Structure formats: C-alpha cells, structure tokens
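one predicted model, sequence on top.
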Amino acid sequence: MQLARHVYLTPTPVRIWHWLNAFGIVTLCLTGAEIRFPEYAPILGNYKAAVRVHNAAGVVVAVSYALWFLYYAFVARSLVKLYVPTVQDLKRGMIRQAFYYFFYYFLGTRPNPHHATPEDKFNPLQKTAYAAVMFLFTPLVIVTGLLLMNVDPLRELVVMAGGLTLLTAAHWLLACVFCAFLIAHVYLATLGHTPFAHFKPMWTGWEEVEEHDDSKHRSAA
C-alpha cells in the first residue's frame, strides 16, 4: 500500500536560483550553438547579437552560481551534506538507484529506493551528478568563459591556460557536457510517480513523497 505525504524540499531562494540558472543555461546553449554554427543555427539571426546575449547569460549564470554556493555554504550550511555523495552512496546507492531507473521503474516491481527529505534531498545518482556539475564543470565553464570574454586584458592568463585554441575547445566541450546534462536532467525529472511530480516542487517548494506501508508484511511475519 502506498501512502503519500508532503515535504517542503525546496526553499524560495533555491527555487529562484534554479529557474534563473535554468534560463541562463538554456540561453547559453542556444546562443552558443549560433556562435559555433552560425550558418546552421541562426537563432537570433545576428552573430554579434548572439555573442552579446551569450556573454550576458554567462554573467547571469556566474552570479547565480556564486549566490547558490553562498546560500548552501553559509546560510543553509548543508552544501556538503546535500551535494557530496557518501561512501555508501558510491558503493551501493548508485547501483541500486540505477537499477530502479533502468528496470524497476518501468516494470513497476519495486518502489524508488530513495525517499527525499530536507536533509537528504537527492538520491545517490543525483548527488554524484550534481557534485560533478556544481563543483567541477560549472567553475570550469565559468572560468573559461570569463577568459574568452576578456582575451586582451587577461592575455597572460589565456596563454597560461594553453592558448586561445585550447581554451575555446575546452569551453566547447564543457558546453556539450551541459547540454547532455540538461537533456538527462529534464528526462529524469519526468520519472516521478506522475510525469510532473518532480517539477511541481520547483514552483511551490512542496513535494509529494510516496511511502510504502509494509505493515502487512510485518503482520504476516
């Protein structure tokens, strides 16, 4: 028997950051495609306009990232607890969660092994993916982007980073990682008990969490 309760998982500052960051990332992906392939992706129809919008979106994402880090590190004080996977997450949790996503969810034979709480909001796969994105890929794409935006005043740093060609290639590869993450992120968000179950809390803060009543099994035992 499945029960449901509502849990306040996403505070207002995090929801504001999430949508600001989402808008910035989507804008970066679209304008980045136009900058890289102007003949195939004329989204704004003007190369210089695409560069200006891309740079502005990059600044928005950099500022929102700083606000996200300051909020979780110094206000909520839950940055490590929420975003860094534990040893058990890496040894067993990731495999168990992957089996659920790839098999049990579609077969309907087992419930989601992770039950979100404000103190343990993300499952092991989410923790690992978010840790890589937020602690590695996002800082790298911000740094490479800032260097590419300021090649002349930061020329010495550009040379130290390997030169303009290497820097551009690295920024492009990081952008591809973000595009792939964005697609996977949206798809996995639809795998709740309803297709929009995981989208709703990003607007309201409240998520309906399923609980499985095993009292019958205990009685039988």
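Thanks, I have the structure now. Every value quoted in this text rests on a predicted model; they were computed, and no experiment measured them.

can you tell me the closest non-neighbouring residue to P113?
R96 (5.1 Å; C-beta to C-beta, 6 or more residues apart in numbering). Glycine gets a C-beta too; all of them are placed from N, C-alpha and C.

for this structure, name the helix or strand with the lowest mean pLDDT.
helix 215-220 (a mean of 41; mean pLDDT, DSSP states H and E).

that older thread, how close does the residue nearest to P113 sit to W172?
35 Å (C-beta to C-beta, to the nearest Å).

next one: C29
Taking C-beta to C-beta, one finds C29 at 12 Å from W172.

counting neighbours, go ahead and name the busier of the two.
C29 (16 against 13; other C-beta atoms under 10 Å).

neighbours of the residue nearest to P113, how many?
16.

that one: which element?
helix 94-99 (DSSP states H and E).

show me what that helix is packed against.
helix 124-132 (3 or more C-beta pairs under 8 Å, 6 or more residues apart in numbering; DSSP states H and E).

which SSE is immediately downstream of the helix it packs on?
Downstream of helix 124-132 (by DSSP H and E), the next one is helix 138-149.

need the contact partners of that next one.
55, 58, 61-62, 65, 154, 157-158, 161, 164, 167-168, 170-171, 174-175, 178 (C-beta atoms under 8 Å, 6 or more residues apart in numbering).

I'd like to know which of those are buried.
Among the contacts of helix 138-149, those buried by neighbour count (16 or more other C-beta atoms under 10 Å) are 55, 58, 61-62, 65, 158, 161, 167, 170-171, 174-175, 178.

now do the most centrally placed residue in the chain against H185, distance only.
What sits nearest the mean C-alpha location of the chain, by C-alpha atoms, centre = their mean, is Y130, with 5.5 Å. Remark: distance between Y130 and H185 (C-beta to C-beta) = 9 Å.

which stretches of the protein have low pLDDT?
Residue ranges of the chain with pLDDT under 70: 1-3, 210-221.

kindly recompute the last result at 80.
For the chain, the stretches flagged by pLDDT under 80 are 1-5, 193, 209-221.

which residue ranges of it form helices?
Ranges of helices within the chain are 12-36, 47-70, 79-83, 87-88, 94-99, 105-107, 124-132, 138-149, 155-160, 164-189, 201-204, 215-220, based on DSSP state H.

for these, which one sits closest to A4?
helix 201-204 (13.3 Å; C-beta to C-beta).

if you count neighbours, what's buried in the closest one?
Buried, per 16+ other C-beta under 10 Å, within helix 201-204: P201, M202.

ok, stretch 148-155 next?
Quick answer for stretch 148-155 (16+ other C-beta under 10 Å): L148.

wait, P13 sits on Y71?
Yes - with contact defined as C-beta atoms under 8 Å, P13 reaches Y71; the gap is 5.4 Å.

neighbour count winner among those two?
In terms of neighbours (other C-beta under 10 Å), Y71 is the more surrounded of P13 and Y71; the figures are 18 against 15.

which residues does that one contact?
P13, V14, W17 are the contacts of Y71 under C-beta under 8 Å, 6+ apart.

could you do L30 as well?
A41, I43.

redo that, cut-off 6 Å
Residues in contact with L30 (C-beta atoms under 6 Å, 6 or more residues apart in numbering) are I43.
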